[in-house]
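Visitor: Whatever this is, show me its structure:
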Amino acid sequence: MKKVQMVDLLGQYDKIQDQIDSKILEVVKSGAYINGPEVHSFQKELEEYLGVKHVIPCANGTDALQVAMMGLGLKPGDEVITADFTFAATVEVIALLQLTPVLVDVEKDTFNMDIEALKKAITPKTKAIVPVHLFGQCANMEAVLEIAKAHNLFVIEDTAQAIGANYTFGNGTKKKAGTMGNVGTTSFFPSKNLGCYGDGGAIFTNDDDLAHILRGMVNHGMYKRYYHDVVGVNSRLDSIQAAVLRIKLTHLDAYCNERRKAARYYNNAFKNEQFISTPKMGNGCEFVCDDCDCHVFHQYTLKITNGKRNELHQHLLDNGIPNAIYYPVALHSQKAYVDTRYNEADFNVTNELIETVISLPMHTELDTEQLDFIIKTILDFINN
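Guide: You can find the predicted model right below:
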């Protein structure tokens, strides 16, 4: 059996090596390393894939969030609501811009923002909502957009873990993750479903005026060299990373399908286990249906409900199976973001999740032998 990897980037590379090597060499020989033709071609191809008017490539997913908030003109003291159960980058940029982060609890099944908690958190100072599409599926965007419209709030989608996922509205309309709010952001960190071989990110919008502002902001505020019209940052996607992403974008749907296939295999193995809760779909599906397009499984995350999550985590490591706890500390409990405004009773779900969740190996190269080994190791532990 091949060694089990949490993410098998080398195995994925082996299948597209000739394309990747040829394209990287082409960029090197061109000398166009920054904002070259590969970046512009990737931008257009991603716009077409997402069905969005504007893609603004940038240096990483965190910059994408920061520039999006800058472009919307948010001011120090403005309140921005986001989920408590996610990676710190989402709240980090809010704090860096001297905005006021407002953290809310999440749903116990999907792990995405709890809509009732969102409603309760809105005040006269609220200016934006940042729904995080966690682990590969969209938050309840129909409800988020309705709330935002009622209160005249911006919606900034954090799509770092869900690029390629579809969201289906009540009327049957489908939209790609990141294309529904005022602006969407994503990361191309190597382990993402669409990952480059370094850092990278992008911002999405259908707003022509906002897109113009954002394009200047990521390039020192310049639209013409040495003329700075807006306050900007240095956040550009380099040409080699864009070239890699162009190739991998053509495989993205296949990559997502391979992840769904592995998720179905896991789900079928664990579905009758008393102390294992498998991922639930936000559209009401109990499992991953055959034509699923709502979840791209950036992570496959179980809840272990017998109080032995930490022991299972170590047991898997002892047996050569990488795994991770996303996330071990709630954002409202992190030293950097502790605030007397928060009441522990408002974070019951998040506080439960940090004690029960465990993410298993999930990537495009998992084979049946590896999956069977992972599953057997877990079941032997749980049922011992």
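
Visitor: Would you agree residue 269 is in contact with residue 374?
Guide: No: counting by Cβ atoms under 8 Å, residue 374 is not a contact partner of residue 269; they are 9.0 Å apart. C-beta here means a position set from N, CA and C on the backbone, and glycine is covered the same way.

Visitor: So for these two, which residue has more residues nearby?
Guide: Neighbour count, other Cβ atoms under 10 Å: between residue 269 and residue 374, residue 374 has more, with 23 against 18.

Visitor: And for that one, nearest residue in space, chain neighbours not counted?
Guide: Sequence neighbours aside, residue 321 is the residue nearest to residue 374 in space, at 5.6 Å (criterion: Cβ to Cβ, 6 or more residues apart in numbering).

Visitor: quick one: secondary structure of the one you found?
Guide: Of the three states, residue 321 takes coil under DSSP: H, G, I helix; E, B strand; the rest coil.

Visitor: Likewise for residue 288?
Guide: With three-state DSSP as the basis, the three-state label of residue 288 is coil.

Visitor: Excluding chain neighbours, what is closest to the residue nearest in space to the middle of the chain?
Guide: The centre of the chain sits closest to residue 161, judged by Cα atoms, centre = their mean, with a distance of 2.0 Å. Excluding its sequence neighbours, the residue lying closest to residue 161 (Cβ to Cβ, 6+ apart) is residue 298, at 4.0 Å.

Visitor: Repeat that for residue 305.
Guide: residue 275 (5.0 Å).

Visitor: Residue 125 now?
Guide: Residue 125 sits nearest to residue 79 (Cβ to Cβ, 6+ apart), 4.4 Å away.

Visitor: same check, this time on residue 346
Guide: In space, not counting the residues next to it along the chain, residue 346 is nearest to residue 105; the distance is 6.1 Å by Cβ to Cβ, 6+ apart.

Visitor: what's the spacing between the one you found and residue 352?
Guide: Look at residue 105 and residue 352: by Cβ to Cβ, to the nearest Å, they are 10 Å apart.

Visitor: Of the two, which one has the most company?
Guide: More neighbours surround residue 105 than the other of residue 105 and residue 352, with 26 against 15 (other Cβ under 10 Å).

Visitor: residues touching that one, list them.
Guide: With contact taken as Cβ atoms under 8 Å, 6 or more residues apart in numbering, residue 105 is in contact with 84-85, 114, 117, 346-350.

Visitor: and the helix or strand residue 378 falls within, what other elements does it pack with?
Guide: Taking DSSP states H and E as the criterion, residue 378 maps to helix 368-382. Contacting helix 368-382 under the criterion 3 or more Cβ pairs under 8 Å, 6 or more residues apart in numbering; DSSP states H and E are the following elements: helix 252-270, helix 309-318.

Visitor: and it, which residues are buried?
Guide: By neighbour count, with 16 or more other Cβ atoms under 10 Å as the criterion, the buried positions of helix 368-382 are 370-371, 373-375, 377-378, 381-382.

Visitor: can you redo these as a markdown table with distance to residue 175 and pLDDT?
Guide: Converted to a markdown table, the buried residues of helix 368-382 look like this (distance: Cβ to Cβ, whole Å; pLDDT from 0 to 100):
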| residue | distance to residue 175 | pLDDT |
| --- | --- | --- |
| 370 | 34 | 98 |
| 371 | 32 | 98 |
| 373 | 38 | 98 |
| 374 | 34 | 98 |
| 375 | 34 | 98 |
| 377 | 39 | 98 |
| 378 | 35 | 98 |
| 381 | 41 | 97 |
| 382 | 38 | 96 |
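
Visitor: tell me how far the ends of stretch 3-12 are from each other?
Guide: Terminal residues of stretch 3-12 are spaced 14 Å apart (Cα to Cα, to the nearest Å).

Visitor: Would you mind checking the average pLDDT for that stretch?
Guide: Confidence for stretch 3-12, expressed as mean pLDDT, is 97.

Visitor: Mind listing residues that contact that stretch?
Guide: Among residues not part of stretch 3-12, those counted as contacts by Cβ under 8 Å, 6+ apart are 2, 190-191, 195, 255, 320-324, 361-366, 370, 373-374.

Visitor: Sweet, I'm off.
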